[in-house]
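Trainee: Predicted model follows, preceded by the sequence.
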Amino acid sequence: MPFEMAESGSEGMPRESCIADSGKRMNDSNRDQLKTAAETLRPLLGELVFVGGCVTGLLITDEAAGDPRSTLDVDAIAEITSYAE
């Protein structure tokens with residue numbers, strides 16, 4: 001089943017991540033790296049899931065949580081199928 005990126009009102013980019021509904025912007029040093037990877041892999045986004053430390057900042061909802069640690073890579077997974085029998 002294909003997935004789509006959640007889009008904000010402009011330029012088709014994902015919303016800036018905020019902690020829960022507080023509107024407080026999280027200092028996430030991995031966000032630019034993730035955006036670059038998503039833009040580069042745009043034709044394949046329906047087939048990919050980003051995982052690992054790079055997406056941690058998107059998942060944090062606790063206002064007391066610290067900023068996520070920086071990572072050097074962006075991990076993505078995809079389903080691989082073969083037509084060989």
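Mentor: Yep, it's here.
Trainee: Would you agree T81 falls within a helix?
Mentor: No - judged by DSSP: H, G, I helix; E, B strand; the rest coil, T81 forms no part of a helix; its state is coil.
Trainee: Please report the number of neighbouring residues for it.
Mentor: By other CB atoms under 10 Å, 6 other residues sit near T81. Where C-beta positions appear, they are placed from N, C-alpha and C, glycine not excepted.
Trainee: Just the pLDDT for it.
Mentor: Per-residue confidence (pLDDT) for T81: 88.
Trainee: Please tell me how far it sits from D73.
Mentor: Separation of T81 from D73 (CB to CB, to the nearest Å): 25 Å.
Trainee: where do the helices sit along this protein?
Mentor: 31-40, 56-59 (DSSP state H).
Trainee: what would those helices look like in TSV with mean neighbour count?
Mentor: TSV is the format used below for those (neighbours: other CB atoms under 10 Å):
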stretch	mean neighbour count
helix 31-40	14
helix 56-59	16
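Trainee: Mean pLDDT lowest where, among those helices?
Mentor: Among these, helix 56-59 scores lowest, with a mean of 88.
Trainee: CA atoms only: put that one into CSV for me.
Mentor: Extracted in CSV, the C-alpha atoms of helix 56-59 (Å, rounded to 0.1, in the frame of the first residue of the first chain):
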residue,chain,number,x,y,z
THR,A,56,13.3,10.6,16.3
GLY,A,57,12.5,14.3,16.5
LEU,A,58,9.3,13.7,14.5
LEU,A,59,8.1,11.2,17.1
